[in-house]
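K.L.:
I would like to see how this sequence folds:
(one chain, ligands or ions: 3)
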Amino acid sequence: MPKIIIDGREVEFRDGQTVLQACEAAGTAIPHFCYHPKLSIAGNCRMCLVEIEKAPTLQISCYTPAREGMVIHTQNEKVKKARKGVLEFLLINHPLDCPICDQAGECPLQQNTMNWGPDRSRFEEEKERFGKRVEMGPHVMFDAERCIKCTRCVRFCDEVTHTGELGLVERSDRAVIDVFPGKKLDNAYSLCTVDICPVGALTSREFRFENRVWFMGQAKSVCAECSRGCSMTVWTNMQGEVQRMTPSRNDNVNGTWMCDAGRLSYMEWKPEARLRRAALRNGRLSEKPLDEALKAAASALRSARERHGAFAAAAWCSAFATNEEMFLLKKLAGRVELLSSPQGASDDILVRKDKSPNRRGAQAILGSENLSADIRSGKIKALVAFKPSRAAELPLGPAELAKLDVLVVLDWQAGPLSEMATHLLPCAAPIEDEGSFTNEFGWVQRIAPARPAPGEAMPGWKILSNLIGAGEDSAAKVFESLAQSIKAFEDMTHRKLGASGLRLASAEEPPR
Ligand code: SF4
Ligand code: SF4
Ligand code: FES
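P.N.:
Ligands and ions are numbered 1, 2, ... in the order given. Below is the predicted model of the structure:
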């Protein structure tokens, strides 16, 4: 591999990398604003200047290709002075709204100013005045005074969504980002502009002024709203309420993007629809402590098998269960039928037609079963329905299910089956659960709980482990057993899945 020298250290780089990319790959961070790894290079902010020996002036590292033998200085006095100058220039018309700006705490302009900038302003003239609180679109608010004209947002709309709503108009200190006449920034990925804006110029109308980011909890998870399974971070306030979801970079799955519908899906989670207490039917359904309900459910399933044979118990499972839950459910019930998933629109960027997160995992773990005939004929006496509330439709209606002696429903929200259950067990929703999902293209990714499940609800894998009597004490151990039993998951562990996941042995390349 070719080599360059960065601050006296010889490192290798890949052909095609820019100096900035080669430095970052070698662990030398270069401050920047307009460069974004998933957009074309604009080279307009000048924050990434470095000295390259034999070049007549400082060079912008985001645009300069790395070449064999280059000697690069990223920390010398010349570079530091240039960084200070660039920041002083950028701050001339910046309003210094930090105390009330949503970007504070995660703002590259704040961070770079702390690291490299001047500690005072020499600017005594009037700052330029621009529009504040401009409604750019249904989800995005614009503060033109904070904008540093990096054009990331413009390039995003031109190059990723190809909707081209934004442009940079006027020149010099009158330059401003604007929507084209008659347009709104209302594409299906508009909130990605908020993620990539390196200052607080573009803010989310749903999140602005809700919280300061340093007071928030974060958990790495996976969006469960379609079978793409975008990597994301779930942000919660001190009361455990979800206040925003943002994409996490995963080049195998979603790059750095996430659709608006997926990231705002938490707003539709209704607390009143959540199941918090277990219930048992004795004539009518009445609440019981969870441990009592668990014992009753385990005993009902056992006695159905003892009285009518091993095939008397079976399960339905929706593709909202994790891989770990599916594996345990199969152990518990033997035969498991996968329920249909909701379907919807798709696009060429990320959004998939299948609106469930784990159909691919279900196909690998559960196989294909159809239980309808055996339920109708009365051969199946006990059915476990796992997270059925989000299924598109159920294979059988209430009249046919009435033939069952036992109907154990595990779910996080009320659905058509919860009123018919003989045993109702409340479980965690995906953002409260630990485990993994397998996306449509076979990428297995971990989810981690962003908050505890409400009331007595427990992660589904814990409930199933209890019903089996397996006593597994972590989702990671369940996953290890799964990987030992199912070839497609061979050699995988939660630790190996890491932050970006691993692909099933049999999976094909996703569309780029
Ligand atoms: S609004 Fe933000 S992303 Fe767009 S040009 Fe201004 S600073 Fe850059
Ligand atoms: S593309 Fe699918 S998985 Fe990704 S954010 Fe949107 S709904 Fe969620
Ligand atoms: S990051 Fe290189 S010029 Fe902006």
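
K.L.:
In terms of helices and strands, where is the residue of the chain most remote from its centre?
P.N.:
Distance from the C-alpha centroid of the chain peaks at residue 307, with 45.9 Å (CA atoms, centre = their mean). Assigned by DSSP states H and E, residue 307 belongs to helix 290-308.

K.L.:
how far is the helix or strand immediately after that helix in the chain from where the chain is centred?
P.N.:
Following helix 290-308 in sequence order, the next helix or strand is strand 313-317 (DSSP H and E). On the basis of CA atoms, centre = their mean, to the nearest Å, strand 313-317 is displaced by 29 Å from the centre of the chain it belongs to.

K.L.:
Which strands or helices does strand 313-317 pack on?
P.N.:
Packing contacts for strand 313-317, counted by 3 or more CB pairs under 8 Å, 6 or more residues apart in numbering; DSSP states H and E, involve helix 290-308, helix 323-333, strand 336-338, strand 382-386. Yep, even glycine has a C-beta here, placed from its N, CA and C like the rest.

K.L.:
now for these, which one comes closest to ligand 3?
P.N.:
Among the helices and strands packed on strand 313-317, helix 323-333 comes nearest to ligand 3, with 40.2 Å by CB to the nearest ligand atom.

K.L.:
Could you write out the alpha-carbon coordinates of that closest one in CSV?
P.N.:
Extracted in CSV, the C-alpha atoms of helix 323-333 (Å, rounded to 0.1, in the frame of the first residue of the first chain):
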residue,chain,number,x,y,z
ASN,A,323,-33.9,-13.5,16.8
GLU,A,324,-33.4,-14.6,20.4
GLU,A,325,-37.1,-14.5,21.1
MET,A,326,-37.8,-16.6,18.0
PHE,A,327,-35.3,-19.1,19.0
LEU,A,328,-36.7,-19.5,22.5
LEU,A,329,-40.3,-19.5,21.2
LYS,A,330,-39.4,-22.4,18.9
LYS,A,331,-37.9,-24.3,21.8
LEU,A,332,-41.1,-23.6,23.9
ALA,A,333,-43.7,-24.4,21.2
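
K.L.:
now that helix and helix 290-308, what's the angle there?
P.N.:
Here helix 323-333 runs at an angle of 40 degrees relative to helix 290-308 (axes from the mean of the first three to the mean of the last three CA atoms, to 10 degrees).

K.L.:
any residue of stretch 221-236 up close to ligand 2?
P.N.:
Yes. Stretch 221-236 reaches ligand 2 (CB under 6 Å from any ligand atom) through 223, 225, 226, 228, 229, 230.

K.L.:
I'd like those residues laid out as a markdown table, including pLDDT and neighbour count.
P.N.:
Formatted as a markdown table, the residues of stretch 221-236 next to ligand 2 follow (pLDDT from 0 to 100; neighbours: other CB atoms under 10 Å):
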| residue | pLDDT | neighbour count |
| --- | --- | --- |
| 223 | 98 | 29 |
| 225 | 97 | 26 |
| 226 | 98 | 27 |
| 228 | 98 | 25 |
| 229 | 98 | 33 |
| 230 | 98 | 27 |
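
K.L.:
Let me know the closest of those residues to ligand 1.
P.N.:
Here the nearest of the residues of stretch 221-236 next to ligand 2 to ligand 1, counting by CB to the nearest ligand atom, is residue 230; it sits at 20.9 Å.

K.L.:
Okay, the closest one and residue 192: tell me how far apart.
P.N.:
Using CB to CB, to the nearest Å, residue 230 is found at 11 Å from residue 192.

K.L.:
Find the residues that touch each one of these two.
P.N.:
Here residue 230 and residue 192 share the contacting residues 247, 257, 258, scored by CB atoms under 8 Å, 6 or more residues apart in numbering.

K.L.:
Which one (most neighbours) among those residues?
P.N.:
Tallying neighbours with other CB atoms under 10 Å puts residue 258 at the head of those, with 26 neighbours.

K.L.:
quick one, what contacts the closest residue to residue 304 other than its chain neighbours?
P.N.:
For residue 304, ignoring the flanking residues on the chain, the nearest one in space by CB to CB, 6 or more residues apart in numbering is residue 382 at 3.7 Å. Counting by CB under 8 Å, 6+ apart, residue 382 makes contact with 300, 301, 304, 305, 312, 313, 314, 404, 405, 406, 407, 408.

K.L.:
give me the beta-bridge partners of residue 382?
P.N.:
Going by DSSP bridges, residue 382 is paired in beta bridges with residue 313, residue 406.

K.L.:
Count the residues that sit near the residue of the chain found nearest ligand 2.
P.N.:
Residue nearest to ligand 2 within the chain: residue 262 (2.4 Å; CB to the nearest ligand atom). The local packing of residue 262 (other CB under 10 Å) involves 25 other residues.

K.L.:
Also residue 271?
P.N.:
Quick note: residue 271 (other CB under 10 Å) scores 8 neighbours.

K.L.:
now it: how far from residue 232?
P.N.:
Counting by CB to CB, the gap from residue 271 to residue 232 is 21 Å.

K.L.:
again with residue 390
P.N.:
18 Å.

K.L.:
In terms of neighbours, single out the busier of these two.
P.N.:
More crowded of residue 390 and residue 232, by other CB under 10 Å: residue 232, with 25 against 21.
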